[in-house]
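Participant: next input, structure requested:
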Amino acid sequence: MPAATSRSATLFVVCVAHFIMPFMMSAVGIALPSIGREFGASAMQLGLVETTYVLSSSIFLLAMGRLGDIHGRRRIFLYGMGVFTVVGGLLSQAWSIEVLIALRFLQGLGGSMVMATTMAIVVAVFPPAERGKALGVAVASVYAGISCGPFLGGMLVEAFGWRSIFYLVVPLGSLTFWMIRSKLDGEWAESKGEPFDWQGGILYACAILLLIVGASNLDHGIWAAALLALGLCGVVLFLLFELRTPYPLLNIALLRENRIFAYSNLAALFNYAATFGVTFFFSLYLQYVQSMSPRQAGTILIIQPLAQALLSPLCGRLSDRYPAAWVATAGMTLCALGLGLAATVDRGTPLAVIMAMLVLLGVGFALFSSPNTSVIMGSVEPRHLGVASGLAASMRTLGMMTSMTIITVIFSIFMGGQAVTAATEPAFLRSMHLALLIFSGLCVLGIGCSFGRLQRRVG
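Facilitator: Model (predicted):
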């Protein structure tokens, strides 16, 4: 197959997959009230509809990246898209909230198979001179899905009901599945024949399970903190176990000896931890403090992902012309600045200023994301691309979890379990200011990681 055809088909398939995954996340969030009314679901059950998907994805990401290295990334990508599409169809027919939650876990498994392999496939197909541009387009499709989810999801739910969101997955997923089978000829299995580290996979899954369950329930009692601590111990045990395994799930040498790879992943962790909570806070701020409707708030909040979607391809091209690590560091610096400014927002802040902050954060994240991914994927040998892709995706989900953990702890201190009302508005604003300052500090740590890899490279 001609190289040009292979590249264009590969990028198209990856972009469609990257659009579907975040679109489903954000669109399902809009549909939760309708789901709750139909099934008479509790707030906790509705939360599990989203949490189980993220939990499943986080547990399986690293393992699926390794399976892709061993058995072929195209194969894992194909199976993952098949699982995601079939389960999407089943979700549209769910007859109870319990079935919906269980199916979302299975859909998260399919999503992890896709997200753990797509970036590795792009890097394998595109030469280094074009890699940043391709990754930028791939990342832009993620932000496009995030941007379109609330808007299109809201329209679908209002016109046809919540099941229509899952109906949409079937044709899009089927098209992607067909294109993977017919247009992607490569298999990309540089570690073929090596055994899979099942023990490490189970240990990692248990550790991540404890981390996420503990972190998401920190305001419910000491038992959650104990689970979180056990999860951290589990991560340490996993790393120690991998050091002694001949064919590990995660090659610790990639972190211990490849400083560029290690620092780039740490920078990603800090960046996602710092930026994920911004939308959460500003959604509450705009609706409760500025008295906007959900639709008005959503229109304002779409500015950030829209800026990221529009600018990511350009930032990817910049990383092809200039050192990607420098471009990513500049992006992290803008994020730190934007978060620091956001921490000054109060009731009297003009809407134009808030919109400018969101644009600044969108530009910063666009400058960081695809160039940093390019650095991560370009710093490892081809046989480790699947693991690198899985670990980079894991940094994203763990960063999001860290962000929400910080928010939970701060709310428990300042809000004491109270709802956001006119009476608790000052406490909410204090919580928001402190959290955003902490997030800005995390970005500063990320800048330190970026400089660490730059100094290492120069040396």
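
Participant: just give me the neighbour total for residue 47.
Facilitator: 14 (other Cβ atoms under 10 Å). C-beta here means a position set from N, CA and C on the backbone, and glycine is covered the same way.

Participant: can you tell me the helix or strand for it?
Facilitator: helix 43-71 (DSSP states H and E).

Participant: show me what that helix is packed up against.
Facilitator: In terms of contacts (3 or more Cβ pairs under 8 Å, 6 or more residues apart in numbering; DSSP states H and E), helix 43-71 is packed against helix 3-39, helix 73-91, helix 97-115, helix 198-216, helix 385-414.

Participant: could you check how far residue 8 is from residue 373?
Facilitator: 20 Å (Cβ to Cβ, to the nearest Å).

Participant: look at these two and report which has more neighbours.
Facilitator: residue 373 (30 against 13).

Participant: that one in helix, strand or coil?
Facilitator: What DSSP: H, G, I helix; E, B strand; the rest coil gives for residue 373 is helix.

Participant: ok, it touching residue 139?
Facilitator: Yes - counting by Cβ atoms under 8 Å, residue 139 is a contact partner of residue 373 at 6.8 Å.

Participant: neighbours of residue 368, just the number please.
Facilitator: Other residues close to residue 368 by other Cβ under 10 Å number 29.

Participant: wait, isn't it in contact with residue 272?
Facilitator: No - assessed by Cβ under 8 Å, residue 368 is found out of contact with residue 272, at 9.9 Å.

Participant: got CSV for the helices and strands packed on helix 43-71, with distance to residue 124 and mean pLDDT too?
Facilitator: Shown next, in CSV, are the helices and strands packed on helix 43-71 (distance: least, Cβ to Cβ, whole Å; pLDDT from 0 to 100):
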stretch, distance to residue 124, mean pLDDT
helix 3-39, 9, 78
helix 73-91, 7, 91
helix 97-115, 16, 90
helix 198-216, 23, 86
helix 385-414, 6, 80
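
Participant: of those, which is nearest residue 328?
Facilitator: Taking Cβ to Cβ, helix 385-414 is the member of the helices and strands packed on helix 43-71 nearest to residue 328, at 12.6 Å.

Participant: among the helices and strands packed on helix 43-71, which is nearest residue 181?
Facilitator: It's helix 73-91; of the helices and strands packed on helix 43-71, that one is closest to residue 181 (Cβ to Cβ) at 6.5 Å.

Participant: list the buried ones in the helix holding residue 47?
Facilitator: 45-46, 48-49, 51-71 (16 or more other Cβ atoms under 10 Å).

Participant: excluding chain neighbours, what is closest to residue 21?
Facilitator: Distances taken as Cβ to Cβ, 6 or more residues apart in numbering put residue 111 closest to residue 21, at 5.4 Å, once the chain neighbours are dropped.

Participant: any idea how far residue 442 is from residue 344?
Facilitator: In terms of Cβ to Cβ, residue 344 sits 18 Å off from residue 442.
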